[in-house]
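Peer 1: attaching a predicted model along with its sequence, questions to come.
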Amino acid sequence: MTEMLTVDGGTIAYEITGEGPLVVLAPGMGNTRSAYRFVVPQLVAAGYRVVTTDIRGTGESSARWPSYSRTDIAGDLVALIRHLGGPAVLVGHSISGGAATVAAATAPELITGIAELAPFTRKQSIALSDLRVKRFRTGMTRLLLTGILGSVTWWHRYLDVAFPGRKPADWDEQLRDVASMLGEPGRMGALQGMGRTTPADAGAQLGAVRVPALIIEGSLDPDWADPRAEGEAIVAAMPAGIGTVEVIEGAGHYPHTQFPDETVALLLPFLKAHARA
């Protein structure tokens with residue numbers, strides 16, 4: 001059942017399933033909380049109170065906001081965790097991975113650990129050698145055209161390379177749902193607004209994170225020429241000893257949707273160690 005939390009500037013939609021230590025799951029841009037549809041049942045079965053949320057601009061949350069930075073999204077997530085009673089392990093994908101960094105650094109009393117899936121959580125740069133990687137060139141081109149044109153077609157083309165190889169069984173339905181959501185007033189503008197943000201605000205907070213962090217990358221993620229190197233750079237920017245990197249072979253930018261069993265296998269030991277009631 002969808003519930004709503006009012007925060008400055010709008011409302012945030014969320015859904016609670018299960019009982020136990022709190023785990024909050026936040027999706028990336030252009031997506032909804034349904035991105036975790038294969039993960040939630042497994043976490044609930046393992047004994048967790050699982051909350052999925054639509055970040056600002058997406059799903060059932062308000063569409064139009066003054067800005068869509070990682071700091072803004074982190075503020076919404078912290079407000080949600082506080083509303084739910086906390087503390088929580090916060091799981092964030094892509095832009096929400098950066099928001100998890102900001103939330104952990106600014107509200108450590110509410111967050112006992114962060115898991116970031118293919119996160120944009122530090123300032124990005126592109127080396128000439130990166131452009132030799134075809135999947136990176138293709139992914140960046142399709143993302144760029146989505147942002148410039150505000151095109152669902154180009155977003156779908158990006159998703160095709162972001163899910164390399166096997167697709168979820170409900171792939172066609174997923175694409176229809178994404179197109180329907182982005183067709184609502186303000187939704188594509190929100191995606192474009194997120195695409196224009198920089199992860200620099202999250203990168204500035206990496207050194208201030210004091211809770212354990214798990215970074216999960218897909219080996220074929222088109223958003224980086226070398227996803228493992230990106231994960232290792234994130235951990236290197238954190239205080240020594242708190243971060244670890246795991247790479248799921250064959251996964252793209254959405255390991256939790258494309259390889260949910262492998263993602264859960266990495267999450268469960270982390271939750272067992274760091275989630276608490």
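Peer 2: Nice, thanks for sending it over.
Peer 1: pick out the residue closest to the middle of the protein.
Peer 2: Computing the C-alpha centroid of the chain and ranking residues by Cα atoms, centre = their mean puts residue 93 first, at 1.3 Å.
Peer 1: low pLDDT regions in the protein?
Peer 2: Judged by pLDDT under 70, the chain has no weakly predicted residues.
Peer 1: for it, what spans make up the strands?
Peer 2: Per DSSP state E, the chain carries strands over the ranges 2-7, 10-17, 22-26, 49-53, 88-93, 111-117, 213-218, 243-248.
Peer 1: so for residue 134, which of these sits nearest?
Peer 2: strand 213-218 (16.0 Å; Cβ to Cβ). All C-beta spots, glycine's among them, are computed from the backbone N, C-alpha and C.
Peer 1: residues making contact with the closest one?
Peer 2: 97, 104, 113-119, 224, 227-228, 230-231, 234-235, 238, 242-248, 250-255, 258-259, 263, 266-267, 270 (Cβ atoms under 8 Å, 6 or more residues apart in numbering).
Peer 1: mind checking which of those are buried?
Peer 2: Burial by neighbour count, judged by 16 or more other Cβ atoms under 10 Å, picks out 97, 104, 113-119, 224, 227-228, 230-231, 234-235, 238, 243, 245-248, 251-255, 258-259, 263, 266-267, 270 from those.
Peer 1: correct me, but the residue nearest to the centre of the chain touches residue 27?
Peer 2: Yes - counting by Cβ atoms under 8 Å, residue 27 is a contact partner of residue 93 at 5.4 Å.
Peer 1: what's the overlap in contacts for those two?
Peer 2: What both residue 93 and residue 27 touch, as defined by Cβ under 8 Å, 6+ apart, is the set residue 35.
Peer 1: contacting residues around residue 147?
Peer 2: Applying Cβ under 8 Å, 6+ apart, the residues contacting residue 147 are 191, 192, 195, 196.
Peer 1: residue 153: which of those residues is nearest?
Peer 2: Closest to residue 153, out of all of the contacts of residue 147 and judged by Cβ to Cβ, is residue 191, at 13.4 Å.
Peer 1: with adjacent residues omitted, what lies nearest to the closest one?
Peer 2: Among residues not flanking residue 191 along the chain, residue 30 sits closest, at 4.5 Å (Cβ to Cβ, 6 or more residues apart in numbering).
Peer 1: measure residue 238 to residue 105 for me?
Peer 2: 10 Å (Cβ to Cβ, to the nearest Å).
Peer 1: my error: substitute residue 249 in the last question.
Peer 2: 31 Å.
Peer 1: so which of the two has more stuff around it?
Peer 2: residue 105 (21 against 9; other Cβ atoms under 10 Å).
Peer 1: does the more buried one touch residue 201 like I think?
Peer 2: No - here residue 105 does not reach residue 201: they are 10.4 Å apart, not a contact under Cβ under 8 Å.
Peer 1: okay, and the common contacts of residue 238 and residue 105?
Peer 2: Common neighbours of residue 238 and residue 105 (Cβ under 8 Å, 6+ apart) are 206, 209.
Peer 1: hmm, residue 80 is touching residue 25, no?
Peer 2: No - when contacts are counted by Cβ under 8 Å, residue 80 is not listed as touching residue 25 (11.1 Å).
Peer 1: so what sits against both of the two?
Peer 2: 51, 53.
Peer 1: so between these two, which is more surrounded?
Peer 2: Each of residue 80 and residue 25 has its neighbours counted (other Cβ under 10 Å); residue 25 has more, 27 against 23.
Peer 1: sounds good, over and out.
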